[in-house]
Each structure stands twice: as structure tokens, then as C-alpha cells.
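Colleague: sequence first, then the predicted structure:
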Amino acid sequence: MSIMSAELDTSGEIRIYLENTCEGESLDRAAYLFKTLRMHETKLRNGVLIYLAVKNRKFAIIGDEGINKVVPENFWDHIKEHMLNDFREGKFTEGLCAAIESAGEQLKKNFPRKRDDVNELPDDISFGEK
């Protein structure tokens, strides 16, 4: 529901990918999944992936080149810091929803929805096999 709401007034795309474990660096895994999920194929290169490895307590956020060109410096790091603080307090849902909302605000600001926009990627949460 948060994803659909965040994407309501933007052409941007937000995806969530959850799995239990992540061997190696979470950012490397997220980059691999970004390509696997074809998030780099959006028309305006404005996809955002939030990746979480639950049992390892690892996560990463990746924005495509279109959104990365227009967000403030360290934008994704700030979102991660807020998520981490919420996660430490046991507020997992709140932290994830706040991250989605923050990404959605930047997408709406920089990539407003146009009449001919289509939802390029599914809004459902993806689950890994690990």
C-alpha cells in the first residue's frame, strides 16, 4: 500500500526486495537485484530499490541514475540512517514505510506523473529464496 501511495503522483518506480540472508555486502546484492528486476529499464531511469536481508539485519537502498542526478547529496544515506534508527527501536514497518515515503516525495518532486505515464514495474514486494 505504501508503494502505491508513494508512486501515485510520479512516474518513478519503487520496489522492495526481502530475503532472509545475504552473503557479502548488501549494496552489492542490491545492485545485482536492481539489474535482475530490470529496474534500470524505466524510461526516465527513476527506479528505487529498497533491499532487506532480514536474518542478517542488512539493508541497502539504490536509486537509478535519473533519480540520483536530482536528489540531494547523501540522500540515500540519510534515509538509511533513519531506517536504522527505527529498526533499532523495533519499528521495522515504520522505518520501511518512512523510507518509501521519503523516496516517493523526491520522485514526485522531480518526476511528476504525466497523463501518458504507465506503471512500468510491479508494486508488490519481491521475496528471495535465501
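Modeller: Now that the structure is in, tell me what you want to look at.
Colleague: show me where pLDDT drops low in this protein?
Modeller: Scanning the chain for pLDDT under 70 picks out 1, 130.
Colleague: grab the nearest non-local neighbour of residue 52.
Modeller: Distances taken as C-beta to C-beta, 6 or more residues apart in numbering place residue 59 nearest to residue 52, at 4.4 Å, with adjacent residues excluded. Placement of C-beta: from N, CA and C, glycine included.
Colleague: do the same with residue 97
Modeller: Once flanking residues are discounted, residue 97 sits nearest to residue 2: 4.8 Å by C-beta to C-beta, 6+ apart.
Colleague: repeat that for residue 20.
Modeller: Distances taken as C-beta to C-beta, 6+ apart put residue 55 closest to residue 20, at 4.6 Å, once the chain neighbours are dropped.
Colleague: show me where this protein has its strands.
Modeller: Secondary structure of the chain (DSSP state E): strands located at 13-19, 47-53, 58-63, 126-127.
Colleague: okay, now the sheet partners of the second one, with direction.
Modeller: Paired with strand 47-53 in the same sheet, following DSSP bridges, are strand 13-19 (parallel), strand 58-63 (antiparallel).
Colleague: how about the top helix by length along the chain: buried residues?
Modeller: Across the chain, the longest stretch assigned as helix under DSSP state H is helix 92-110. Across helix 92-110, burial judged by 16 or more other C-beta atoms under 10 Å covers 95-100, 102-104, 106-108, 110.
Colleague: can I get these in a markdown table with distance to residue 13?
Modeller: As requested, those are exported to a markdown table (distance: C-beta to C-beta, whole Å):
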| residue | distance to residue 13 |
| --- | --- |
| 95 | 21 |
| 96 | 17 |
| 97 | 17 |
| 98 | 19 |
| 99 | 15 |
| 100 | 12 |
| 102 | 15 |
| 103 | 10 |
| 104 | 10 |
| 106 | 13 |
| 107 | 8 |
| 108 | 13 |
| 110 | 13 |
